[in-house]
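Chemist: Sequence and computational prediction follow.
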Amino acid sequence: MIRLENVAYGYKTSEHKALDYVSISFRQGDWVSVIGHNGSGKSTLVKILMGIINEYEGTITVDGTVLDDTNASVLRKRFAIVFQNPDNQFVGATVEDDVAFGLENDGVPREEMITRTEAALKAVNMLDFRNHEPSRLSGGQKQRVAIASALAMAPDVLILDEATSMIDPEGRREVMKILRTIHEERQTTLIFITHDLAEIEHSDHAIVMGDGKVVSEGTVEEIYRDIDTLVASRLELPFNMKLSHALLDGSFMSYEELVARL
């Protein structure tokens, strides 16, 4: 669905490229996780995809159409993004107002706006909070509202940029569970940006980035098996990965599988 070919970009403040001629693909309906430490290039990748950065080298195609100045605004309407800090996305006085904001700006008819807002809030289990003030919600609830605001726009691609990094473990579990449900039921293409290897377990495909380059990519199991590359990429290994490699046969297991095996 999305293809980057030899995409490169460098900030004026650095002599090294933030993205160093990267070529990667995102298939429609896949959950693709992009993993990397701070400065690996993953946030620059998001900025280019969302049009925050436009002056880049290389080519981006969306469903075979080359992204350029003449069609960028139309093609990027198919994308929605959830940022790291949900407070930076809130504009409405209530949860319902906030989710409806983008639809209203887009000229969606009122009846359809109400239907889509309710459906999005229901999808993230926040319909009962529709009249609450966003600022009074927990971190996990805030992020679920931010996801609902993105879902209401009916995107083909949902980009999550470190969307769980500022919430507590309970909130993180809630968000990850909802993302799994959204992916399974709606078949929305998910591009999940993270530095946490424990969060990529349910991905269809994973890409490891380091110093602006693609270091490795493959299935989650293939990524998890390559311990040396993960360590060299300065990524923290999840506890269950460390334990399964130290005590068992080295293959990755979820916590449930690891407990059963032990």
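Modeler: Thanks, I have it.

Chemist: Which parts of the protein are strands?
Modeler: Secondary structure of the chain by DSSP state E: the strands cover 2-9, 19-26, 31-35, 57-62, 65-66, 79-82, 157-161, 189-194, 205-210, 213-218.

Chemist: What residues of the lengthiest helix in the chain count as buried?
Modeler: Taking DSSP state H as the criterion, the chain has its longest helix at helix 169-186. Across helix 169-186, burial judged by 16 or more other Cβ atoms under 10 Å covers 171-172, 174-176, 178-179, 182-183. C-beta here means a position set from N, CA and C on the backbone, and glycine is covered the same way.

Chemist: For residue 204, report the pLDDT, please.
Modeler: pLDDT recorded at residue 204 is 95.

Chemist: circling back to that earlier point, other residues contacting the longest helix of the chain?
Modeler: Here helix 169-186 makes contact (Cβ atoms under 8 Å, 6 or more residues apart in numbering) with 31, 123-125, 138-141, 143-144, 147, 151, 158, 160, 163-164, 167, 188, 190, 192, 199, 202.

Chemist: Tell me where the protein is predicted with low confidence.
Modeler: 250-252 (pLDDT under 70).

Chemist: One more pass at 80, please.
Modeler: 89, 245, 248-255 (pLDDT under 80).

Chemist: list the contacts for the residue nearest to residue 207 when sequence neighbours are not counted?
Modeler: Nearest residue to residue 207, sequence neighbours excluded (Cβ to Cβ, 6 or more residues apart in numbering): residue 217, at 4.4 Å. Residue 217 is in contact with 24, 205-208, 223, counting by Cβ under 8 Å, 6+ apart.

Chemist: And residue 217, how close does it get to residue 26?
Modeler: 11 Å (Cβ to Cβ, to the nearest Å).

Chemist: Start from the N-terminal end of the stretch 101-250 of the chain and give the helices.
Modeler: Taking DSSP state H, counting those that start in this stretch, the helices of the stretch 101-250 of the chain run over residues 110-123, 139-152, 169-186, 220-225, 227-232, 239-247.

Chemist: Could you check the angle the third one makes with strand 31-35?
Modeler: Here helix 169-186 points in a direction 140 degrees away from that of strand 31-35 (axes from the mean of the first three to the mean of the last three Cα atoms, to 10 degrees).

Chemist: next one: helix 169-186 to chain centre, how far?
Modeler: Relative to the centre of its chain, helix 169-186 is centred 12 Å away, using Cα atoms, centre = their mean, to the nearest Å.

Chemist: Return the angle between stretch directions for it and helix 139-152.
Modeler: Angle, helix 169-186 to helix 139-152, by the same axes, to 10 degrees: 20 degrees.

Chemist: thinking again about what came up before, may I ask which two of the contacts of residue 217 are separated the most?
Modeler: Considering Cβ to Cβ, no two members of the contacts of residue 217 lie farther apart than 24 and 223, which are separated by 14.0 Å.

Chemist: who has more neighbours, these two?
Modeler: Between residue 24 and residue 223, counted using other Cβ atoms under 10 Å, the more crowded position is residue 223 (24 against 17).

Chemist: For residue 169, see how far away the residue nearest to that one when sequence neighbours are not counted is.
Modeler: Closest residue to residue 223 apart from its sequence neighbours, by Cβ to Cβ, 6+ apart: residue 206 at 4.6 Å. To residue 169, residue 206 is 22 Å away according to Cβ to Cβ.

Chemist: quick one on the thing from earlier: make CSV from the strands of the chain and add distance to residue 249 to it.
Modeler: Shown next, in CSV, are the strands of the chain (distance: least, Cβ to Cβ, whole Å):
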stretch, distance to residue 249
strand 2-9, 36
strand 19-26, 31
strand 31-35, 24
strand 57-62, 41
strand 65-66, 46
strand 79-82, 37
strand 157-161, 33
strand 189-194, 27
strand 205-210, 21
strand 213-218, 19
